[in-house]
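Undergrad: quick one, what's the 3D model for this:
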Amino acid sequence: MTALRPLLLVNALMVDPAAGTEIRGGLLVRDGLIADTGPHLTASTAPEGAEIVDCGGRIVAPGLVDMRCFVGEPGYEYRETIASATAAAAAGGVTTLVCQPATDPAIDDPAIVDFLLRRARDTGIVHFHPMAAITKKLGGREMTEFGLLQEAGAVAFTDGARSVTDALVMRRAMTYARDFDALIVHHTEDPALVGEGVMNEGEFASRLGLAGIPVEAETIMLERDLRLVKLTGARYHAASITCRDSLAIIARAKNEGLPVTAAVTINHLTLNENDIGSYRTFCKLTPPLRTEDDRLALADAVADGTIDIIVSDHDPQDVETKRLPFAEAMPGAVGVETMLPAALRLVHAGLVPLAALLRALSTAPASLLRLPGGTLAKGEPADLVVIDLDTPWVLDRDDLRSKCKNSPFDEARMSGRVLRSIVGGRTVHALAD
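TA: Model (predicted):
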């Protein structure tokens, strides 16, 4: 690999959510690391041979860290590969991608973790880390070997979009995770209460003639989990909070000092059940989209820190599984490439300050997973994103880098987009003028 030229970003507004600062000036990258930042860095101070990028007053921020993304390798390469997922991530300003274990075979063995890391090294263009399964084959019964999986490179443990319904198995998993200081990431949805439901339970579901899923499917499982956290002391992360009632539960646990964090998907932050409209299957998700009141409560929770992290919940589905009647279609939406532009809707609407948004997209997930990134501090890896807050554009799903095009934002008007993504000092995506 050729030696990296120094890179100097000038005329930028540098927003560092880790430090809580916004500084106009420049940022110098040497050998893949942030070497210097500040107003004294201009084109005239560039080191010899440096590449100079004039940001035109636009924002430079830490690269995003997406900790909930389905990547199809191994077993589902027709839906997504590491190469296509990381290309989509780079286009969306995501410089670190964390994959889910619902592959075939599931990520429940150290050899599979090793395979994925080698595959990412060879074909990926952003940082890539796997989460491993809590239970073997995601079956909810027999625990995996946390210690060996962690040693192989797994950054956390989850059964993806499946909930561990057996409370004793979850208690043992939490106890085991505590002993390895490992993070449990859990999808809080009681499948018995979900039943045949396909969207949020309420008047709109009744009007559409569709079976509903009550918020209690989420809150009951969340309450159970947090009682087990209190019992075991394990580090716990709620993978996808969708309703106001769950926020109260999370806030109470945090007030008690429990080691608990929570995430919300970009879909639940920017869409509601009404976006299903006339049975739009691209808006069929798990958990389902909730009410507008719930959406606004989630946005407030991001702003005040009750919700720690925003994720894409990138879940590619092909035409054969989406172009079906709503009740029969598979849930899921692609999102890693559109996460930031969609999130900027919250900033433009005055619901979430930009610094709080970037903290939830980069600093908080990097910190929780104990990964580099999420900061513009000197000496840290140069994983960066250049953002234009105001450029208007319309999403065309055919332009998405993902292998699948099931975006709920298809033909949506966006304001703001990623101009450049930098990973370890190398530009991995640059928007053509």
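
Undergrad: need the three-state assignment for residue 174.
TA: Here residue 174 is recorded as helix under DSSP: H, G, I helix; E, B strand; the rest coil.

Undergrad: what's the closest non-adjacent residue to residue 57?
TA: Closest residue in space to residue 57, ignoring its immediate chain neighbours: residue 11 at 5.9 Å, by Cβ to Cβ, 6 or more residues apart in numbering. C-beta coordinates here come from the backbone N, C-alpha and C atoms, glycine included.

Undergrad: could you export whichever strand or helix holds the one you found as PDB, CA atoms only?
TA: Assignment of secondary structure by DSSP states H and E places residue 11 within strand 7-16. The C-alpha trace of strand 7-16 is given here as PDB (Å, rounded to 0.1, in the frame of the first residue of the first chain):
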ATOM      1  CA  LEU A   7      -4.300  15.700   4.100                       C
ATOM      2  CA  LEU A   8      -5.400  19.200   5.100                       C
ATOM      3  CA  LEU A   9      -9.100  20.200   5.400                       C
ATOM      4  CA  VAL A  10      -9.400  23.900   5.400                       C
ATOM      5  CA  ASN A  11     -12.200  26.500   5.700                       C
ATOM      6  CA  ALA A  12     -14.300  24.100   7.800                       C
ATOM      7  CA  LEU A  13     -16.600  24.200  10.800                       C
ATOM      8  CA  MET A  14     -15.200  21.400  13.000                       C
ATOM      9  CA  VAL A  15     -17.900  20.000  15.200                       C
ATOM     10  CA  ASP A  16     -16.500  17.600  17.900                       C
END
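
Undergrad: just checking, what packs against that strand?
TA: strand 21-30, strand 51-54, strand 59-62, helix 354-358, strand 384-394 (3 or more Cβ pairs under 8 Å, 6 or more residues apart in numbering; DSSP states H and E).

Undergrad: quick one: it to strand 21-30, angle?
TA: 150 degrees (axes from the mean of the first three to the mean of the last three Cα atoms, to 10 degrees).

Undergrad: report the buried residues of strand 7-16.
TA: Judged by neighbour count using 16 or more other Cβ atoms under 10 Å, the buried positions of strand 7-16 are 7-16.

Undergrad: circling back to that earlier point, from the helices and strands packed on strand 7-16, which stretch is densest packed?
TA: Sort the helices and strands packed on strand 7-16 by mean neighbour count, taking mean count of other Cβ atoms under 10 Å, and strand 59-62 sits at the top with a mean of 26.

Undergrad: quick one: contacts of that one?
TA: Strand 59-62 is contacted from outside by 9, 12-18, 27, 354, 358, 362-363, 366, 373-376, 383-389, using Cβ atoms under 8 Å, 6 or more residues apart in numbering.

Undergrad: strands paired with it, and their directions?
TA: Paired with strand 59-62 in the same sheet, following DSSP bridges, are strand 7-16 (parallel), strand 384-394 (antiparallel).

Undergrad: could you list every helix and strand in contact with the helix or strand just after that strand?
TA: Once the chain leaves strand 59-62, the next helix or strand it forms, by DSSP H and E, is strand 64-69. Judged by 3+ Cβ pairs under 8 Å, 6+ apart, the packing partners of strand 64-69 are helix 82-91, strand 94-99, strand 260-265, strand 309-311, helix 339-348, helix 364-369.

Undergrad: mean neighbour count, distance to residue 60 and mean pLDDT added to the ones you listed, as TSV?
TA: Formatted as TSV, the helices and strands packed on strand 64-69 follow (neighbours: other Cβ atoms under 10 Å; distance: least, Cβ to Cβ, whole Å; pLDDT from 0 to 100):
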stretch	mean neighbour count	distance to residue 60	mean pLDDT
helix 82-91	26	16	98
strand 94-99	29	13	98
strand 260-265	24	25	98
strand 309-311	28	19	98
helix 339-348	22	14	97
helix 364-369	23	17	98
